[in-house]
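[1] coordinates only, no sequence provided:
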Ligand SMILES: NC(=O)c1ccc[n+]([C@@H]2O[C@H](COP(=O)([O-])OP(=O)(O)OC[C@H]3O[C@@H](n4cnc5c(N)ncnc54)[C@H](O)[C@@H]3O)[C@@H](O)[C@H]2O)c1
Ligand SMILES: [Fe+2]
């Protein structure tokens with residue numbers, strides 16, 4: 001028996017913020033960051049919640065740590081909300097998820113629900129039971145998981161992403177691409193997650209660069225927003241892989257955006273998983289065959305399966321280049337010597353990250369070390 005989880009109700013498209021009117025008359029704690037707290041979006045949220053009693057906790061920092069969660073929890077306990085609403089990118093949403101989990105453990109239910117309004121198109125956090133919290137001592141990024149962290153309602157309003165600057169469209173878009181590709185080959189992949197991952201990738205193929213080039217392209221930003229959520233539902237139900245375990249390890253030690261690291265790692269991980277492209281006719285592995293199917297779904301064609309896998313690698317590299325993202329760790333501004341010195345520790349950390357369990361090819365510490373050397 002298998003399980004495909006569909007917990008979160010999605011409202012999407014223009015005017016979907018009006019779904020918040022269900023919270024009229026309720027006590028609502030909003031968890032957000034300082035930038036979003038003063039945004040036009042928050043003004044619109046306040047308008048819809050005019051009849052609610054609102055408290056705003058806006059101290060979320062990017063890559064939230066345990067202290068940020070503890071402060072959010074203190075705000076929750078002090079206000080005793082009937083509903084929790086996260087507004088922002090992955091950082092406010094993940095903070096709110098961890099706060100919700102801990103509040104439940106302390107007996108605070110907020111029975112009117114857990115709502116999220118994602119303002120970036122990438123993490124998929126609005127539909128997953130994962131939250132990434134940083135350990136302030138070791139700086140490791142800890143992916144936590146609990147069904148209690150699944151939002152009840154996610155609102156995908158195009159207005160929420162109209163202000164995203166190009167570099168953030170790129171970083172979050174590459175995160176969504178890596179969710180789709182990792183979900184498609186992960187050990188837990190299934191027909192449902194395959195459909196969502198494949199479609200999410202085709203949406204990125206059509207709309208990500210358009211989203212990057214113009215925040216006036218509402219159609220592109222709307223579809224890219226939907227696609228990122230689709231990729232989130234896919235990986236929630238199939239797992240991820242070593243792009244994410246390596247990215248979490250590197251991101252814990254060096255200040256580079258998660259999606260940017262994924263973009264550097266993804267082509268190398270595809271090659272590693274496909275057997276470093278030692279594919280001969282009649283000998284193609286199951287995972288390489290899945291990359292071939294994905295390549296075909298993007299409309300790529302080639303004279304051999306090996307070249308189709310290479311085509312998928314080339315597609316990621318082309319999107320990355322057009323998004324003006326770095327191809328190496330050094331290109332991302334990390335000192336190469338400092339990075340190389342940390343490779344053994346990073347490989348050991350990545351091996352322990354639970355995303356590694358989803359990878360279709362079991363990667364040893366030596367394999368992870370080799371990939372880290374490739375990306376340096
Ligand atoms: N839970 C998961 O499954 C999951 C998956 C991937 C990443 N993550 C985590 O999510 C976090 C990253 O999230 P993120 O990339 O969405 O960014 P973020 O939430 O960290 O925000 C980054 C910056 O962008 C700004 N911003 C957000 N929305 C904006 C908008 N609409 N317009 C203008 N500026 C905006 C924020 O104010 C902030 O300064 C990391 O902590 C990462 O580890 C979680
Ligand atoms: Fe991610």
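    Received, thanks. Keep in mind the model is a prediction, meaning the values are calculated, not measured. Residues are numbered from 1 along each chain as shown. Ligands and ions are numbered 1, 2, ... in the order given.

[2] going forward, measure contacts between C-alpha atoms and count neighbours the same way
    Fine.

[3] confidence score at residue 284?
    The model reports residue 284 with a pLDDT of 83.

[4] for it, what are its contacts?
    Residue 284 is in contact with residue 305, counting by CA atoms under 8 Å, 6 or more residues apart in numbering.

[5] same check, this time on residue 349
    Taking CA under 8 Å, 6+ apart as the definition of contact, the neighbours of residue 349 are residue 249.

[6] how about the host helix or strand of it: buried residues?
    Residue 349 is part of helix 336-352, with elements assigned from DSSP states H and E. Residues of helix 336-352 classed as buried under the neighbour-count rule (16 or more other CA atoms under 10 Å) are 339, 343, 346, 347, 348, 349, 350, 351.

[7] tell me how far the closest residue in space to residue 148 that isn't next to it in sequence lies from ligand 1.
    If the residues on either side of it in the chain are set aside, residue 148 comes closest to residue 101, at 5.7 Å by CA to CA, 6 or more residues apart in numbering. Residue 101 sits at a distance of 13 Å from ligand 1 (criterion: CA to the nearest ligand atom, to the nearest Å).

[8] next: residue 79.
    Residue 79 sits 23 Å away from ligand 1, taking CA to the nearest ligand atom as the criterion.

[9] go ahead and confirm that residue touches residue 29.
    Yes - Residue 79 is within contact range of residue 29, at 7.5 Å (criterion: CA atoms under 8 Å).

[10] quick one: common contacting residues for those two?
    Taking CA under 8 Å, 6+ apart as the contact criterion, the common neighbours of residue 79 and residue 29 are residue 55.

[11] and the two? Which one has more around it.
    Remark: of residue 79 and residue 29, residue 29 carries more neighbours, 25 against 15, as counted by other CA atoms under 10 Å.

[12] helix or strand for that one, which one?
    Residue 29 belongs to strand 27-33 when elements are defined using DSSP H and E.

[13] now residue 94
    Secondary-structure assignment from DSSP H and E places residue 94 in helix 90-105.

[14] helices or strands up against that helix?
    Counting by 3 or more CA pairs under 8 Å, 6 or more residues apart in numbering; DSSP states H and E, the packing neighbours recorded for helix 90-105 are strand 27-33, strand 53-60, helix 66-79, strand 83-88, strand 113-118, strand 130-134.

[15] for residue 268, which of the ones you listed is the nearest?
    In this view, the helices and strands packed on helix 90-105 are compared for proximity to residue 268 by CA to CA, and strand 130-134 is the closest at 23.5 Å.

[16] which helices and strands does the closest one pack with?
    Packing partners of strand 130-134 (3+ CA pairs under 8 Å, 6+ apart): helix 90-105, strand 141-145.

[17] which element is residue 372 on?
    Applying DSSP H and E, one finds residue 372 within helix 365-375.

[18] between that helix and helix 336-352, how many degrees?
    Relative orientation of helix 365-375 and helix 336-352, computed by axes from the mean of the first three to the mean of the last three CA atoms, to 10 degrees: 140 degrees.

[19] how about helix 365-375: buried residues?
    Buried residues in helix 365-375, defined by neighbour count with 16+ other CA under 10 Å: 365, 368, 369, 371, 372, 375.

[20] ok, the third one touching residue 344?
    Pointing back at residue 369 there. Yes - between residue 369 and residue 344 a contact is recorded at 6.6 Å, counting by CA under 8 Å.

[21] for the residue nearest in space to the middle of the chain, report the pLDDT, please.
    Most central residue of the chain, judged by C-alpha distance to the mean C-alpha position with CA atoms, centre = their mean, is residue 123 at 2.1 Å. Residue 123 is assigned a pLDDT of 96 by the prediction.

[22] let me know the helix or strand that it is in.
    Assignment of secondary structure by DSSP H and E places residue 123 within no helix or strand.

[23] now for the nearest residue to it once chain neighbours are set aside, how many residues are close by?
    If you skip the residues right next to it in sequence, residue 123 has residue 90 as its closest partner in space, 5.9 Å away by CA to CA, 6+ apart. Other residues near residue 90 number 25, with proximity taken as other CA under 10 Å.

[24] contact residues of the stretch 251-376 of the chain facing ligand 1?
    For the stretch 251-376 of the chain, the residues in contact with ligand 1 under the definition CA under 6 Å from any ligand atom are residue 258.

[25] of all residues in the stretch 251-376 of the chain, which one is closest to ligand 1?
    The shortest separation between the stretch 251-376 of the chain and ligand 1 is 6.0 Å, found at residue 258 (distances taken as CA to the nearest ligand atom).

[26] pull the longest helix from the protein.
    Longest helix in the chain by number of residues, with DSSP state H as the criterion: helix 191-213.

[27] now what about it, what contacts it?
    Residues outside helix 191-213 that contact it (CA under 8 Å, 6+ apart): 4, 166-167, 169-170, 173, 176-177, 179-181, 183-184, 217, 220-221, 223-224, 227-228, 230-231, 233-235, 237-238, 294, 297-298, 319, 322-323.
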